[in-house]
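**Student:** heads up, no residue letters with this:
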């Protein structure tokens, strides 16, 4: 990281308004702000609101209020993913034209129940390749070479280069490697409900926003390899990555939005101050 007031460093906060922000979010976002300030750079806010089933306007309002209360600051305006669908659709078309995608009818449950898919708590199960064109039975209604179109009713998966070793240097934990097809499989870029996946939207937005370093939780470390493949396929420059270790509760379970007692809003209502909370991290 370049410690210069003339630095072109750009970081981002990218919460999803599916619930109240908790201490784990706060610590990760504070690290993001510290790194942006140390570099003399800027920090942007992105509202990752593509989960239409769980995102709510009141959570967006609470998100902004809680971030401000905690002492976080960013350059306006806030970027909202649901307003950027044409950008994601253009990226989808580019990936399809490059031969990177195929249609898929498998549900998440189908993948989880597959005997060849590992069941891990921190990442999505590995896709077994059921709908890869070469694995389809002759009677399959899927048309592997059809173009994605609104309302086509199928998922679209990115075909990973089986056996390719991928690597990046994590700003927090050092060199990281994974093998495509072994450590992770073909992944969704567009869902059958006609919405982009997290992986695709994140890559498109980070590139469009000029993000130079992504600071996020360690649970997304494996996702970085998927995103590096998308950056490459789309001809976009990839940012650096810094994955913070996760905050755990008293039972050793990583914090989630169901931990209402550790939500920033709850702590604020109890009279806790941001300074007190941050002092406990030292």
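**Tutor:** Yep, it's here. The shown structure was predicted, so the numbers you read here are calculated from the model rather than taken from an experiment.
**Student:** just the element for residue 166, please.
**Tutor:** Secondary structure assigned from DSSP states H and E places residue 166 in strand 165-170.
**Student:** and the helix or strand just after that strand, which residues are buried?
**Tutor:** Tracing the chain C-terminally past strand 165-170 and defining elements by DSSP H and E, one meets strand 174-179 next. By 16 or more other C-beta atoms under 10 Å, the buried positions in strand 174-179 come out as 176, 178. From N, CA and C alone the C-beta is placed, and that goes for glycine too.
**Student:** same check, this time on stretch 187-203
**Tutor:** 187-190, 192, 195-203.
**Student:** contact partners of it?
**Tutor:** 14, 48, 50, 52, 81, 84-85, 88-89, 91-92, 95, 101, 104-105, 124, 127, 148, 150-158, 160, 204, 223, 226-227, 230-231, 234, 236 (C-beta atoms under 8 Å, 6 or more residues apart in numbering).
**Student:** filter the residues you listed down to the ones in strands?
**Tutor:** 101, 104, 155-158 (DSSP state E).
**Student:** residue 162: neighbour count?
**Tutor:** Number of residues near residue 162 (other C-beta atoms under 10 Å) recorded here: 12.
**Student:** relative to residue 200, how far out is it?
**Tutor:** 20 Å (C-beta to C-beta, to the nearest Å).
**Student:** so what's the backbone phi/psi at residue 148?
**Tutor:** phi -60, psi 140 (degrees, to the nearest 10).
**Student:** list the buried residues in stretch 9-19.
**Tutor:** Neighbour-count burial for stretch 9-19 [16+ other C-beta under 10 Å]: 9-17, 19.
**Student:** what's the answer for stretch 47-66, then?
**Tutor:** Buried, per 16+ other C-beta under 10 Å, within stretch 47-66: 47-50, 55, 59-60, 62-64, 66.
**Student:** can you show me the helices along the chain?
**Tutor:** 23-38, 57-70, 85-97, 108-113, 198-208, 221-234, 264-269, 274-279 (DSSP state H).
**Student:** remind me what the longest one packs against, helices and strands.
**Tutor:** To tie it back to what came earlier, the one meant is helix 23-38. If contacts are counted by 3 or more C-beta pairs under 8 Å, 6 or more residues apart in numbering; DSSP states H and E, helix 23-38 sits against strand 10-13, strand 42-47, helix 57-70, strand 213-217, strand 240-244, helix 264-269, helix 274-279.
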